[in-house]
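Asker: Need a 3D model of the sequence below.
(2 chains)
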Amino acid sequence: MRTKRAHQAGWDTLGIGIFVVMVFPVFWMISTAFKPEDQVNSLTPTWLSMHPTLQHFRDAMKMPFFWNDVVNTIIVVCVAVLIAMAAAFLAAVAVAKYRFTGRKLFIVLVIGVQMIPGAGLIIPLYVVLARYHQVNVLSGVIIVYISAVLPFSVWTLRGFIMGIPKDLEEAAMVDGSTRLGAFVRILLPLVAPGLVATSVFAFITSWNEYIYARILLNDQSKQTVTVWLSYFLGTSKHTDWGALMAGSTLVAIPVVIFFLLVQRKIAFGLTAGAVRG
Amino acid sequence: MSSSPLPDGLAIAAETPEWSRRHRRLTWSRAGRGSVPYLLILPVVGVIGAVLGYPLYSLVRLSFQQYGLFELIRHAGVSIGFKNFSSVLQDQVFWHTLLRTVVFTVANVALTMVLGTALAMLLLKLSTWVRILLTSGLVLVWSMPVVVAVQVWYWMTNYQNGVVNYVLTQLHLGDFFHHDWYASTFSQLGIVTALIVWGALPFVVVTVYAALAQVPRELVEAAEIDGANSLRTFRDVTMPILKPVLLILTSLSILWDFGVFTQPFLLIGQAHTSPGNYLMGTYLFEEGYLKAEFGRGAAISILMLFIVALLSVYYVRKMVKLGDVE
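Answerer: Residues are numbered from 1 along each chain as shown, chains lettered A, B, ... in the order given. Okay, the predicted model is just below:
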C-alpha cells in the first residue's frame, strides 16, 4: 500500500513538473508585462514582482497604429466570419441532409483544400489580388480569410447538423410545415450552439492569421494586430521587452477567452477540422 | 446538374403508368428539389473556386513566366517555358532546403507524437486534481496565438537576459550566461522545434487522451493478470485501439510541420534568415515574394504543393471515408 502511494506521488510530481514547464511561457509573458522596468532588464529574473505596474500596457497602447490595427482586425475578422458562416451553414446542410451526385467530390474538395499550406499560395494570391487592386485594402484580406475558415466550418457544422435526430424534422413536416418551415423552426434553434462554437473558432483562426495579413497589407495603418505585434521589435533600437509582453498579452486576451469558452464543444470536430492554435 | 432524381422518377414511371400526369408533376418537383443541394453548396464552391481554384490556375501559369515587379505592374508575364523549374531544380539551395525541411519535419513530428502519447498515458496515472491542473494548463497553451508565442519565446531565449539561460545555468547544465541561441543553424532550428512541439502538444495530448478513454479497462487488467508487462500491454492492447487516431495525428503533423512558416520566419527572422537556415515556407517567402521573383517563386510553390499533395493522400482518404459514414 505504501509503495503504491509513493508511486502515485511520483506520477503526480512528474505531472506538476510538466505543468510548470508547459505553462511557464504564458506565466512569463504576463509576469513580465506587469514588472517594473528595472526588474525586466535585470540579469537575475524576478519571478513575480511585488510592485506590479500598468506602465507597459500604457506604452504598448501608445505605440503607433495600435488602436488603428485593433479596429482593422475587428472589421476583417467579423466580416469574414459572418459571411463564411452563412455560406458554410448552407453547404453543411447540403452535405448532412441530402444525397446528391458530386457529394463525395465536394467532401474531398472541402478536406483536401485544408491541406494546402498557407505559405504555398502566397505568390499566386498576391499576384491575383494585386491584379484586382485588392492589395493593401481590408477587403482583400477578408476574401482570403473567408476561404481560409470555410472548409473546417463546413466540416464541423456538418457534424452538429447530423447530430439532430431525423425524427424531429420529420415530425415537423408531418405537422404540415414545409421543409423550409421545418428547417427554420426545428433545425436552426438546435444548431445554434454549434453555429456559435464554429463562429468563435473561425474568429480565433482569423484573429491569429499572420502570413496573408503580412504580405497583403503593407501600409502600417491597414495592418492587423498580429502584424503589428510582429513589427514591434523593429520599431525601436532599444528593446522594450515589458511593452512587447504587454502587447502580446493584449493580442492574446480575446483569443484565450474565446478559446476557453468553446474548446470543449469543438474538441472532437478538431480532429476532423484540422485547426491548430 | 440535376441528374440525381432521374432514376427515382423512372422507377415511379415504371410502376404507375396510368398516373402519367401526376408522375410528370412529381418528376418536376423532384427535379426542383434535386437542385437544392447544389444551390446550397454554390456559395462555398464559388468562394473556394475564386480564392483557391483561380490562384492555383494562375500559379501554374506564373511558373512558366518571367514575372517580376515590372510584370506585376503591367499585370502580364512573359512566357519562358520551363526555365523557372530548371533554375530551381539546378539550385543547390532548393535541394538543401528540401533536405533540411524533411529532417526538420521528421524531428518535429517524432517529438510531438512521442511526447504527446507519453503525456496522454501519464494523464491516466495522475490523481484527479493533478490531471485537471495539467489539462487546464495544456488548454491554456493551446489557446496562445502563434505570433504571441513567438514573441514570448524570443524574449525567454534572448541573448542579454533570457530566462532560459538563467534557469539552465542555475540547474548546473552548463554556463549559459549570454548564450546566443540564434548563433548557429542547428540551434536556431532547435529553438523553432521546441516552440512548435510546445504549441502542438496540447492538441495531440487531448486527442490521444480522448482515444485512450476508449480502451476498455477490463482488457488492460486482464492482460496484466495474464502476466503481460506494461510494455506488452501497451503494444498488444492499447496500441491497436490508438492506431487510427495516431495515424491521423501523425499525417496532420507532417503536413503542418512541412509547410510551417510563421514560427521559423519570425523567430529566426528577427535575428537573420539566410539560405543556410531556410525551411520550405521561409525559402518560398524570401526567394519568391521578397525578391519579387514571382515566376520562380511559383515554380517553388508548385514543387512544394506537389510534395504536400503526395503526403496528404492518406489523410484525405481517411477523412472522406469518415464523411461518407452517416
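Asker: From here on, just use CA atoms for contacts and neighbour counts.
Answerer: Fine.
Asker: now the strands for the chain?
Answerer: Using chain A. In chain A, no segments count as strands under DSSP state E.
Asker: actually it's chain B I care about, not the one you picked
Answerer: Going by DSSP E, chain B shows strands at B:65-66, B:78-79.
Asker: looking at the ones you listed, which is closest to residue B:299?
Answerer: For the strands of chain B, proximity to residue B:299 was assessed by C-alpha to C-alpha; strand B:65-66 is nearest, at 9.6 Å.
Asker: And for that closest one, what's in contact with it?
Answerer: With contact meaning C-alpha atoms under 8 Å, 6 or more residues apart in numbering or on different chains, strand B:65-66 is reached by B:77, B:78, B:79, B:80, B:81, B:84, B:294, B:295, B:296.
Asker: Looking at those residues, spot the one nearest chain A.
Answerer: residue B:294 (6.2 Å; C-alpha to the nearest C-alpha).
Asker: wait, isn't that closest one in contact with residue B:67?
Answerer: Yes: Residue B:294 is within contact range of residue B:67, at 5.3 Å (criterion: C-alpha atoms under 8 Å).
Asker: Those two - which one has more neighbours?
Answerer: The neighbour comparison of residue B:294 against residue B:67 (other C-alpha atoms under 10 Å in any protein chain shown) goes to residue B:294, with 32 against 25.
Asker: Any residues of the stretch 101-250 of chain B in contact with chain A? List them.
Answerer: Proximity of the stretch 101-250 of chain B to chain A, by C-alpha under 8 Å from any C-alpha of the partner chain, involves residues B:122-123, B:125-127, B:130-131, B:133-134, B:137-149, B:151-153, B:155-156, B:160-161, B:163, B:166, B:198-200, B:203, B:207, B:249.
Asker: which of the contacts of strand B:65-66 are close to chain A?
Answerer: Counting by C-alpha under 8 Å from any C-alpha, the members of those near chain A are residue B:294.
Asker: What is the neighbour count of residue A:204?
Answerer: Neighbour tally, residue A:204, other C-alpha under 10 Å: 22.
Asker: Also the one 3 residues further on?
Answerer: Residues near residue A:207, counting by other C-alpha under 10 Å, number 23.
Asker: what do you get for residue A:240?
Answerer: Neighbours of residue A:240 using other C-alpha under 10 Å come to 17.
Asker: do residue A:80 as well
Answerer: Neighbours around residue A:80, by other C-alpha under 10 Å: 25.
Asker: list the contacts for it?
Answerer: Counting by C-alpha under 8 Å, 6+ apart, residue A:80 has contacts A:142, A:143, A:145, A:146.
Asker: OK, contacts around residue A:178?
Answerer: Contacts of residue A:178 by C-alpha under 8 Å, 6+ apart: none found.
Asker: how near is it to chain B?
Answerer: 12 Å (C-alpha to the nearest C-alpha, to the nearest Å).
Asker: From residue A:90, how far out is that residue?
Answerer: 17 Å (C-alpha to C-alpha, to the nearest Å).
Asker: Kindly report the same for residue B:215.
Answerer: Taking C-alpha to C-alpha, one finds residue B:215 at 37 Å from residue A:90.
Asker: Those two: which is more packed in?
Answerer: residue A:90 (21 against 16).
Asker: Spatially nearest residue to that one (excluding sequence neighbours)?
Answerer: Take residue A:90 and drop its neighbours on the chain: the residue closest to it by C-alpha to C-alpha, 6 or more residues apart in numbering or on different chains is residue B:40, 4.9 Å away.
Asker: do residue A:204 as well
Answerer: residue A:255 (5.7 Å).
Asker: so where's the chain shaky on pLDDT?
Answerer: Here I'm looking at chain A. A:1-2, A:172-173, A:175-177, A:179, A:234-237, A:265-277 (pLDDT under 70).
Asker: that's the other chain; I wanted chain B
Answerer: B:1-33, B:270-271, B:322-326.
Asker: Using the record's domain definitions, break it down for me.
Answerer: B:6-82, B:85-324 (automatic domain parsing).
Asker: from those domains, which stretch is densest packed?
Answerer: Stretch with highest mean neighbour count among the domains of chain B: domain B:85-324 (a mean of 18; mean count of other C-alpha atoms under 10 Å in any protein chain shown).
Asker: Run the chain-centre distance for it.
Answerer: 10 Å (C-alpha atoms, centre = their mean, to the nearest Å).
Asker: Stretch A:192-208 now?
Answerer: 7 Å.
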